[in-house]
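S.K.: coords please:
(chains A, B, C and D, ligands or ions: 4)
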Amino acid sequence: MNREQVSRLIQQHGAVMVLALLVVVGSLAFDSFATAGNAASVVVSSSFLAIIAIGMTFVIISGGIDLSVGSLFVLGGVLAAYGSQYGLLVALLLPLAVCGVVGLLQGLVIARTGMAPFIVTLAGLLGVRGLMLAISDEGATTYLVEDPAFAALGQGGILGLTWPVYITALLALLAMVLLQRTGFGQNVYAIGGNEQAAALMGVPVARTKVYVYVMSGLLAGLAGALNAARLSSGVTILGIGLELDAIAAVVIGGTLLTGGAGGITGSVAGVLLLGVIQSLINQVGNLTSAFQQVVSGAFLALVVVAQRLLSKAQRLT
Amino acid sequence: MAELTSRGSARVAVLKPQVYAWVQDYGVYAAVLVLLLFNVLFTPHFLDASNFRTQLVQVTPVVIVSLGMALVIGTQGIDLSVGSVMALAAALTVLYLGYGWLPAVLVAVIGGAVVGAAGGALVAYVGVQPIVATLALLVGIRGLANVLVPQLVEFRNPGLIALGSSSVAGIPVIVIIAAALTVIVLFVVRRTTFGRQVVAIGGNRSASELSGLPVKRVLLTVYVISGLLAALAGVLATARLQASDPTSLGLFIELSAITAVVVGGTPLTGGRIRVLSTVMGALLMQLLSATLIKHNLPQSWTQMVQAVIILAAVYATRKRGTR
Amino acid sequence: MRRTDLAEQTDEPVLEARGISKRFPGVLALDGVSLALRPGEVHALVGENGAGKSTLIKVFTGVYRPDEGRLLYKGEPASFGTPMEAQRAGISTIYQEVNLVPMMSVARNLLLGREPRGRFGVIDTAAMYEEAERVLAGYGVETDVRRPLRTLGVGAQQMVALARAVSVDARVVIMDEPTSSLEPREVETLFGVIRRLRDSGIAVMYVSHRLDELYAVCDQVTVLRDGRLAHTGPLAELDRLKLISLMLGRDLDEVRSGGMTRFSRDRSSENRQGDGTRTPVVEARGLTRKHVLDGVNVSVEPGEVVGLGGLLGAGRTETAKAIVGALPLDGGQVLVAGMPLRGGSTAAAIKAGVSLLPEDRKAEGIIPTLSVRENIALAALPSLGRAGVVSEAKIDRVVEIFMRRLRIKAASPHQLVSELSGGNQQKVLLARWLAVRPKALLLDEPTRGIDVGAKAEVQALIDELAQEGLGVLLISSDLEELVEGADRILVLREGAVVGELSGDEVTEEKIMATIAEQSDG
Amino acid sequence: AKAEEPQSAPAPTGTAGRQVVQSPTGTAGPTCTLEQFGGTTFDLKTATVGFSQSEKEANPFRIAETKSIKDEAAKLGITHLKVTNAQSQFSKQITDVQQLIAQGVQLLVIAPLNSDGWEPVLQQAAAKKIPIITVDRKINAKPCSDYLTFIGSDFYEQGKRAADRMIEALGGKGKVAILLGAPGNNVTTERTNGFKDRVKEKAPDITIAFEQTGEFAREKGQQVTEQLIQSNPDINGIYAENDEMALGAVTALKGAGKEPGDIKIVSVDGTRSAVQAIADGWLHAVIESNPRFGPLAFETAQKFLDGEPIPDKVIISDRDYDTTNAKDSLGEAY
Ligand SMILES: Nc1ncnc2c1ncn2[C@@H]1O[C@H](COP(=O)(O)OP(=O)(O)OP(=O)(O)O)[C@@H](O)[C@H]1O
Ligand SMILES: Nc1ncnc2c1ncn2[C@@H]1O[C@H](COP(=O)(O)OP(=O)(O)OP(=O)(O)O)[C@@H](O)[C@H]1O
Ligand SMILES: [Mg+2]
Ligand SMILES: [Mg+2]
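M.R.: Ligands and ions are numbered 1, 2, ... in the order given. Just a heads-up that it's a prediction; the model follows:
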């Protein structure tokens, strides 16, 4: 195994290492940290962000970015709760359909007009939240989940973990295969690495981009729906700044924002990192809210630097 | 060979860059005009001088922040920390107001520069990707500001209040300041070595390195400038509010600034900076939100309309590829 | 079996262009060009930089839409919307700028789009790497195919691109300056491939500025000049001079008189020879970097042109980069005019007067978002103004001078450099470095992709600069250029100096021999 | 650092501004006892108690609220008080509470960011029979089973009372603008509905000409008001759904050269600066929303643990501030 491979391995799994480190430290520092209950709460609450991060990983590897996921997450939740009165199927399909379409539109605009994904999806962020407010009477109406089967999907589970966790794990696995072992995955890396070259190499650039944004939209919608099932209501005040969390997780996971490199494992590790940081802060239990922010900011900086240095050190020797 | 070149140039119409530039900028300017026209027709009291004063005063912080953002984006970077830096500046200003308003403002601006330097160092020397480096600051610095000043503090310092509310020849002081800063940044970008180096680095970093440009130093400086300008914006906003509100000052302004820059036709891929159209972009977004408020649209509509306008404006200013 | 069914083919053109015109803002790149490509022929496409070769090729492969004229493929009118369609139809292309994905592994680049599939139609990575190694071995590239492509040298990358294009099942193969950074050895491999293609009835279009290569493999030739068709017909009917006169659009004796001058042959060797008495302008001692360089010593005296010879991957580019501090080193030291140079800082090297013209024009050379003017001025900026404020007048003067001196063909100094033809981009980079007036200039493939006329200019220029006392380190894949240009040649192999040739030892044979004997030993 | 010396304001007197339960209606309705709820009693002092705050302690209300909980706990000698803060992110608050439960808290005091969406928490708490007291905002669930009880103000009522003050100020007719709180927020919704319903019912001649969000922030309140008075110079009154926006509006009016009282402003919260602004004549009236939940919360908890019946909702009586009582009440405002 030569140095490029090692450095790549580290760069993609640096997050995993930092995560492991943090968990060990946490367990030693607080006896109530390594408990099953606490671990469960971290994993369960992370699963929704993880689903979004998976889609975001594809987008970022393709050289793009998707700021609309936060809004799609809320919209998905509201639609799911609204749809649940017509049964499980509607509760799932309605959000997927709408969010998928939003992703499709964004993808088409980006692929056809060559406008910057950042700005297109920023418009998406605004427009989708507006749409959500419009269907919830400016956010005043909170639809409650009517269908017990749907609620169970978000609240039930086995081995102390709820279904969303298992769904996330499954999706992550599928995503890995899709990314590493299919032509589509290769195309995503190719257009992220060098769009012009990819086109000349015969990669269907436009189509690949569209797929990527549709995927991101669908996953954000799904995450929202599952979260609504968990809360058994379509809460309207969610998801502000969620896109930044997702991006942070993906980048901490070793995916380059410039595109062309990265992976799913890292992103999932990145999500868990954010979760663990929050949990550690809660363990301390009496930091003022302002100080909490300072700490999590410092943590974030520390983590990216550590991850960065890890991969750098490898490259030079 | 002379004959060869002459034959060459005879076959090609010589195009000046201004021509390209105008084609690029046309979108924003047009959009602003359209919006103005709409308001003149459909918004009561729009033509009052007081109205234009209001719009200019309100857009000032965004303009100042976007100037810095434009430089950062020119290097293919991005600075999410600006909003929090504004908050920090607000906090520092009141903390040191006891020494008089000028020293306080000075401290605040220095504070902003220091935060910028931190972000710049992470980006330039450690090699962290700008979006996460500045995201960490976005979170942490807002917290720091609140640690320093836990809740909104009102002040009575006449100097600072005057800075925020007084006018010269009917033009608010803070608007004049913003205009001056615009001119300075325009000069830096167009006429200085530094300005050229900034866009060069954004256009092709490794080529710039091989050409002996002080890449790291330039990057650092750019983030320092961005922090500095953000802090200044924070000070002015505070002076205008006549209170320091680290909790909500500058929330989400990074998005407005980035939008202004991009709507102005500066590509997020770096290598190109359009200062004046950035200011235009900011004005466009300000006019837009003003229009929507004045016409009392519900939040839902406001956001959807904004989305559409942003898309339209950027579509108009986008760079077309040859095919 | 392929061979037989194609052999029966008539002499109908497989790919034909009729009256193609293509206009770019400010340039008429192609002006009513017609050209026919027949099965089993190798068709040379030549012309000065900016003549329109690459543009014509991009029109053929659907990158650009022609403004006028039409394409016929296998007799039927065809217009490819995208390169993919062209490729599907059986036209595969190697573009002038290596167009692969640097961050992806060599194997994935090579096989993108046709990876071997395992169960459930999922990519079988093991098989993929195996196949990649097998294919590349056929092109003399022995490397770990799991490495990101960018870790290969330009030369190696070019071979990968070649292998990729050819291994597609194609009827037409188009190569835009495929040899611009290949070694004689690789070039031979390439010719082998081309002949194989021709014999199996595939039509090959071949663009190159190296005339002897044309005569070695091509049957037909088409000459473009300023976007117009200047000549088309069998190559055998034209001798070098005639061909050149067609390309430059000047008459024969004008060309004979001075058009072809390369380096000034009459060299008063005593004052040019490094006699070790004068302090070298630049001297590298024991440059070492794991896996790449081990203990390379190079010294260049004022007015001396030192050549670096060696096969692909010998580490010449690395040597040059190490000298200007663009490559982190594990050991070694660089002295400029006797003064040790701070490592790891290109800026310091340039300030001290040592500049590198990089090999990889696209990745390390041009700033695509800036104009020709800004690109030329870039490195010299500090000297082109006062107190950090640039003087447009000074810039204009410098730019004006070099655009004329190097015959840079652009719509205006304000045209985006990325819109220039390959060769003209190369000239812009040369101009950038000449504008800083260095003491020593390291040139990595300086004439890569430059047309004969300009090449002569550049070579003359190198001589001239040397006469003026500049020290030059010359890296070139073109042995002839190396031999005629250099006073002294260091032969590198696997990152180490394995021989030094000076005086009348400086011949192509000697170089090949040195490399060869080392390879055997 | 050296800040300006603060404006001299009378220091809060001993029990100043202590919450009072509305009587008689405040505790009306069904009651709840330990055996109804089905938990086991424990000693508050040695127990681990969790408090989940919803928003940053960065505005007077939240600061006073958290402070009063912490102070009261300290006063009662409750040593294991764990405090989390959701930074206005609802998902985070859910996780926070779950992690408090995981840390083994025996009593939960929650200031909910949102009334709906508590399913996962309620389930876990119910499983462990952990009593939950929600303060300032309700949780939409079954008292005495899903959660124990709610202590707080009636936001709808606050809206109505604000309307009454506005009607009285405008003599029943005129054009009014509303500075809405953050969209989607329960408080916004209820304070808006209360106000509108009351106006419709009591003063049909008052038209609500304008409603835009000021996101509960002063600067936003200022900016919106600047636009408002510019395009609707004929506006008579402004109803701000919290004091911060009201004070932002005041800055805007000053900037536009208006005089105190030109435009009647009514707001909700009762922060010290707002009460001061009444004294200065800029605000017409402020409806208080009292954040000092500590004493009532722990008192109720203690009662419950002692087996006494406790009401399933404790509505506190909020006072009004106006020119008649502003100056004297400054000390009690938070
Ligand atoms: N995208 C573009 N936009 C504008 N002008 C262009 C563009 N591409 C090429 N040109 C112009 O078209 C002309 C032909 O360019 P082309 O690349 O075909 O030359 P070439 O024959 O390939 O030269 P070289 O031998 O240097 O590669 C040049 O004058 C060039 O400046
Ligand atoms: N044919 C090859 N097979 C395997 N690896 C190669 C080959 N060519 C280049 N490389 C790799 O690329 C690296 C740099 O090669 P590069 O070509 O830049 O060296 P070079 O001596 O400058 O050759 P040239 O300048 O002729 O391209 C080498 O260290 C080597 O590992
Ligand atoms: Mg070409
Ligand atoms: Mg090389």
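S.K.: distance of D:L253 from ligand 4?
M.R.: 72 Å (C-beta to the ion, to the nearest Å). Any C-beta I mention is one placed from the backbone N, CA and C, and that applies to glycine too.
S.K.: next, count neighbours for that residue.
M.R.: Neighbour count for D:L253, taken as other C-beta atoms under 10 Å in any protein chain shown: 21.
S.K.: looks to me like it is in a helix.
M.R.: Yes - D:L253: assigned to a helix according to DSSP: H, G, I helix; E, B strand; the rest coil.
S.K.: check contacts around residue 154.
M.R.: In the absence of a named chain, this looks at chain A. For A:G154, the residues meeting the contact criterion (C-beta atoms under 8 Å, 6 or more residues apart in numbering or on different chains) are A:162-164, A:226-232.
S.K.: that's the wrong chain, I meant chain C
M.R.: Taking C-beta under 8 Å, 6+ apart, we find C:V154 in contact with C:98, C:181, C:317, C:359-360, C:445.
S.K.: so where's the stretch 1-150 of chain A shaky on pLDDT?
M.R.: Along the stretch 1-150 of chain A, the model assigns pLDDT under 70 to residues A:1-12.
S.K.: which bits of it sit near chain D?
M.R.: Selection of the stretch 1-150 of chain A residues close to chain D by C-beta under 8 Å from any C-beta of the partner chain yields A:32, A:35, A:37-38, A:40-42, A:44-45, A:48, A:133, A:136, A:138-140, A:142, A:144.
S.K.: out of those residues, who's near ligand 2?
M.R.: Among those, proximity to ligand 2 is found for none (C-beta under 6 Å from any ligand atom).
S.K.: quick one: which of those sit in helices?
M.R.: A:37-38, A:40-42, A:44-45, A:48, A:133 (DSSP state H).
S.K.: circling back to that earlier point, out of the contacts of A:G154, which is most surrounded?
M.R.: In the contacts of A:G154, the most neighbours by other C-beta under 10 Å go to A:A228, 34 neighbours.
S.K.: phi, psi for the residue in the stretch 1-150 of chain A that ligand 3 sits nearest to please.
M.R.: Nearest residue of the stretch 1-150 of chain A to ligand 3 (C-beta to the ion) works out as A:G114 at 24.1 Å. Backbone torsions for A:G114, taken as degrees, to the nearest 10, come to phi 70, psi 20.
S.K.: pretty sure B:L138 is in a helix, no?
M.R.: Yes - applying three-state DSSP, one finds B:L138 inside a helix.
S.K.: the closest residue to ligand 3 within the stretch 101-250 of chain C pairs with what?
M.R.: For the stretch 101-250 of chain C and ligand 3, the shortest gap (C-beta to the ion) falls at C:D176, measuring 5.7 Å. Beta bridges link C:D176 to C:V207 when assigned by DSSP bridges.
S.K.: how many neighbours does it have?
M.R.: C:D176 has 23 neighbours, counted by other C-beta under 10 Å.
S.K.: helices of the stretch 201-317 of chain A, residue ranges please.
M.R.: Along the stretch 201-317 of chain A, counting by DSSP state H, counting those that start in this stretch, helices occupy A:205-231, A:242-252, A:264-284, A:289-316.
S.K.: chain C is nearest to which of those?
M.R.: Chain C sits nearest to helix A:289-316 of all those, at 5.9 Å, using C-beta to the nearest C-beta.
S.K.: quick one: distance of the closest one to the chain centre.
M.R.: Put simply, helix A:289-316 sits 19 Å off its chain's centre (C-alpha atoms, centre = their mean, to the nearest Å).
S.K.: mean confidence for it?
M.R.: The average of the pLDDT scores along helix A:289-316 is 74.
S.K.: equivalent analysis for stretch D:2-15, please.
M.R.: Confidence over stretch D:2-15 (mean pLDDT, whole number) is 57.
S.K.: pLDDT wise, what is the closest residue to ligand 3 within chain A at?
M.R.: Across chain A, the shortest distance to ligand 3 (C-beta to the ion) belongs to A:L200, at 13.9 Å. A:L200 is assigned 81 on the pLDDT scale.
S.K.: what is the neighbour count of it?
M.R.: Neighbour count of A:L200, defined by other C-beta under 10 Å: 25.
S.K.: what's the burial count for the residue in the stretch 151-300 of chain C that chain B sits nearest to?
M.R.: Closest to chain B within the stretch 151-300 of chain C is C:D226: 6.5 Å, counting by C-beta to the nearest C-beta. Look at C:D226: counted by other C-beta under 10 Å, it has 22 neighbours.
S.K.: now do the SS call for C:Y64.
M.R.: With three-state DSSP as the criterion, C:Y64 reads coil.
S.K.: okay, it: pLDDT?
M.R.: If you check C:Y64, the pLDDT there is 89.
S.K.: just to check, it is in contact with C:K58?
M.R.: Yes - using C-beta atoms under 8 Å, C:Y64 makes contact with C:K58 at a distance of 4.7 Å.
S.K.: comparing the two, which shows the higher neighbour count?
M.R.: Just comparing C:Y64 and C:K58: by other C-beta under 10 Å the higher neighbour count belongs to C:K58, 23 against 20.
S.K.: helix or strand: which one has that one?
M.R.: Under the criterion of DSSP states H and E, C:K58 resides in helix C:53-60.
S.K.: if you count neighbours, what's buried in the next helix-or-strand element following that helix?
M.R.: Next along the chain after helix C:53-60, taking DSSP H and E as the criterion, comes strand C:68-73. Neighbour counts using 16 or more other C-beta atoms under 10 Å in any protein chain shown place C:69, C:71-73 of strand C:68-73 among the buried residues.
S.K.: center of the chain, which residue is that?
M.R.: As the question left the chain open, I've gone with chain A. Nearest to the geometric centre of chain A sits A:A53, at 1.9 Å (C-alpha atoms, centre = their mean).
S.K.: chain B is the one I meant
M.R.: Closest to where the C-alpha atoms of chain B average out (C-alpha atoms, centre = their mean) is B:S66, at 0.6 Å.
S.K.: could you list the buried residues of the helix or strand encompassing it?
M.R.: According to DSSP H and E, B:S66 maps onto helix B:49-74. For helix B:49-74, burial by neighbour count (16+ other C-beta under 10 Å) applies to B:51, B:53-74.
S.K.: could you confirm whether that helix reaches chain D?
M.R.: Yes - counting by C-beta under 8 Å from any C-beta, contacts between helix B:49-74 and chain D involve B:50-51, B:54, B:57-58.
S.K.: returning to that earlier point: wouldn't the residue of the stretch 151-300 of chain C closest to chain B be in contact with C:A51 here?
M.R.: Yes - with contact defined as C-beta under 8 Å, C:D226 and C:A51 form a contacting pair (6.5 Å).
S.K.: what secondary structure does whichever residue of chain B sits closest to chain C sit in?
M.R.: Closest contact between chain B and chain C, by C-beta to the nearest C-beta, is at B:G271 (3.0 Å). Assigned state for B:G271: coil (three-state reduction, three-state DSSP).
S.K.: and the pLDDT for it?
M.R.: Per-residue confidence at B:G271 stands at 89 (pLDDT).
S.K.: identify the residues contacting it.
M.R.: Here B:G271 is in contact with B:74, B:76, B:199-200, B:202-204, C:367-370 (C-beta under 8 Å, 6+ apart).
S.K.: show the buried residues in the residues you listed.
M.R.: Those of the contacts of B:G271 that meet the buried threshold are B:74, B:76, B:199-200, B:202-204, C:367-370, by 16+ other C-beta under 10 Å.
S.K.: what's the closest of these to B:I225?
M.R.: Closest to B:I225 out of these is B:G74 (11.1 Å), distances taken as C-beta to C-beta.
S.K.: okay, now the unreliable bits of the stretch 201-350 of chain C?
M.R.: Residue ranges of the stretch 201-350 of chain C with pLDDT under 70: C:252-277, C:312.
S.K.: what's the distance between C:I202 and C:S34?
M.R.: Taking C-beta to C-beta, to the nearest Å as the measure, C:I202 and C:S34 are separated by 22 Å.
S.K.: okay, those two: which has more neighbours?
M.R.: C:I202 (25 against 13).
S.K.: many thanks, I have nothing further to ask.
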